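Undergrad: pasting the sequence and the predicted coordinates here, then a few questions.
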Amino acid sequence: MFLQEHRRKEFVEAFHTEKFLNLAIATEVKLSTDIYALMKKFGATDECYAVSSQQELDARLLPLNEALEKCVGFTIETFLYSPKTGVGYYEGGGYTNRYVMANPSFKRDWLKPAP
């Protein structure tokens, strides 16, 4: 599983803000941005894992383009993650809460350390 259950609950509860994200490795994106192309540029694979407030996406491994079509622009908290490369996308509950996370050193640094 992508996140241990106790960490997953904490993660899902924090979804309504970007406070859990390491914004040092985040690129804020506008709705008009080709998010798929940007994620691919950063090294995302064609498959992603979803953590989402949308039950049809949550806890599923999906094709990246399909997952993006189902979440981008709907302002429903969703995090898509490419497990092999560490590239992620966050869609928050607000119209400006969209980020692509990519870290050249890939240590899953998109998530702040647990306190």
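TA: Right, received. Where do you want to start? Numbers count the residues shown, from 1 in each chain.

Undergrad: pLDDT weak spots in the protein?
TA: 1-9, 11-18, 104-115 (pLDDT under 70).

Undergrad: how does it look with 50?
TA: 1, 107, 110, 114 (pLDDT under 50).

Undergrad: mind listing the helices for it?
TA: 5-13, 35-41, 64-71 (DSSP state H).

Undergrad: I'd like to know which elements the second one is packed against.
TA: Counting by 3 or more Cβ pairs under 8 Å, 6 or more residues apart in numbering; DSSP states H and E, the packing neighbours recorded for helix 35-41 are helix 64-71, strand 87-91, strand 98-101. From N, CA and C alone the C-beta is placed, and that goes for glycine too.

Undergrad: nearest to residue 51, out of the ones you listed?
TA: Set against residue 51 and scored by Cβ to Cβ, those come closest in strand 87-91, at 9.7 Å.

Undergrad: quick check: angle from that closest one to helix 64-71?
TA: If you take axes from the mean of the first three to the mean of the last three Cα atoms, to 10 degrees, strand 87-91 sits at 10 degrees to helix 64-71.
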